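In: Just the structure for this:
(one chain, ligands or ions: 2)
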Amino acid sequence: MPSKLRLRQPDRAPNLRHGGKKSDTCPRCHFRRDKEDKGKGKLLHGIPEVTDSEQLRGVLVAIDRNLRQDQDLMKDKRAHFMMGVLEARISGREYFLIASSGRESGDPWIREKHLNGISYHQGAWETVDPPVPKIHRGWLTVRGETVDLDPKMAQTHVEMKCAAIKLLLGLGGKRLEWKSVEYLRMSEMVYVGPEADGVTFRKWHGKGATNSWTAHSCDACEARIPYLICDVPANRIVD
Ligand SMILES: [Zn+2]
Ligand SMILES: [Zn+2]
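Out: Ligands and ions are numbered 1, 2, ... in the order given. The predicted model follows:
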């Protein structure tokens, strides 16, 4: 095979995006996510899109390694969940959050003891497990402003307690002083036990751009994330 052909890669970005891309129109404020804030030399949205990163994928590898040492989890061969990590620098301060989607009953799988051996910002990681609204109303943006999602979403598992959603709601719950967003990145990975059956998110495994195990967000997250990352102040939104 000619080397040119062999080297050709499928069309894919180096980092996955969660919740659409910056050229999309924001469902909350109805501005394009890459629209400029005129005269300010920056964009109206502090987070025009959310991508993952190599460092965050490395953090997930470390957590996954720790989880596989956890005898309780190893005994639960049907266990399956999504894990997520988020890093952000907002108004000059950094935040490092970890979340996992819930078990049917009880606490999320990832706990403090699974954070050993993370070399990227060692010791700075915080696990979050905020409540997730059961209906489309009463959600929280990353900036801590309340937002209602599209009522049509009521039929699409709006209440799913996904890792990505917990991370964004966890950040919003901090109600940070919101002067500027330097960056916000997020990576996700699935854990699927050897006997987990009917696991729909198995299909995301392997679609990662540069690492085969990086996971895409699920459809419900892809629909919810754009609302949660909008940080355009409520008083600038014209209906
Ligand atoms: Zn917006
Ligand atoms: Zn999801």
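In: Grab the longest helix from this protein for me.
Out: helix 54-67 (DSSP state H).
In: quick one: low-confidence parts of this protein?
Out: Scanning the chain for pLDDT under 70 picks out the ranges 1-14, 102, 104-106, 197-215.
In: all helices of it, in order?
Out: Ranges of helices in the chain, per DSSP H, are 3-7, 54-67, 71-75, 163-172, 219-229.
In: Of all the ones you listed, which one comes closest to ligand 1?
Out: helix 219-229 (7.7 Å; C-beta to the ion). For the C-beta atoms, the positions are set from N, CA and C on the backbone; glycine is no exception.
In: if we look at that closest one, which residues are touching it?
Out: 18-20, 24, 26-28, 33, 45, 47, 50, 139-142, 147, 149-150, 153, 156-158, 160, 162, 164-165, 168-169, 172, 184, 217 (C-beta atoms under 8 Å, 6 or more residues apart in numbering).
In: Which positions in stretch 232-239 come out as buried?
Out: residue 232 (16 or more other C-beta atoms under 10 Å).
In: wait, does it make contact with ligand 1?
Out: Yes: using C-beta under 5 Å from the ion, stretch 232-239 reaches ligand 1 at residue 232.
In: For that stretch, measure first residue to last.
Out: 13 Å (C-alpha to C-alpha, to the nearest Å).
In: Going forward, the N-terminal residue is numbered 8.
Out: Done: numbering now begins at 8, and the last item shifts to stretch 239-246.
In: now that stretch, how far from the centre of its chain.
Out: 24 Å (C-alpha atoms, centre = their mean, to the nearest Å).
In: Looking at the helices of the chain, which one is packed in the most?
Out: When those are scored by mean count of other C-beta atoms under 10 Å, the highest mean neighbour count falls to helix 170-179 (a mean of 27).
In: Close to ligand 2: what parts of this protein are there?
Out: 169, 225, 228.
In: what about the residue nearest to residue 26 when sequence neighbours are not counted, distance to residue 65?
Out: Excluding the flanking residues, the one nearest residue 26 by C-beta to C-beta, 6 or more residues apart in numbering is residue 232, at 2.8 Å. According to C-beta to C-beta, to the nearest Å, residue 232 stands 22 Å off from residue 65.
In: coming back round to it: turn the helices of the chain into TSV, including distance to ligand 1.
Out: Shown next, in TSV, are these (distance: least, C-beta to the ion, whole Å):
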stretch	distance to ligand 1
helix 10-14	40
helix 61-74	24
helix 78-82	38
helix 170-179	14
helix 226-236	8
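In: can you redo those as TSV with distance to residue 140?
Out: TSV is the format used below for the helices of the chain (distance: least, C-beta to C-beta, whole Å):
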stretch	distance to residue 140
helix 10-14	47
helix 61-74	26
helix 78-82	28
helix 170-179	9
helix 226-236	10
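In: between these, which gets nearest to residue 45?
Out: Judged by C-beta to C-beta, the one of the helices of the chain that comes nearest to residue 45 is helix 226-236, at 21.2 Å.
In: That closest one vs helix 170-179, what angle?
Out: Here helix 226-236 runs at an angle of 20 degrees relative to helix 170-179 (axes from the mean of the first three to the mean of the last three C-alpha atoms, to 10 degrees).
In: check contacts around the residue nearest to the spatial centre of the chain.
Out: Closest residue to the average C-alpha location of the chain: residue 171 at 3.2 Å, with C-alpha atoms, centre = their mean. Applying C-beta under 8 Å, 6+ apart to residue 171 gives the contacts 25-26, 89, 91, 106, 193, 195, 224, 228, 232.
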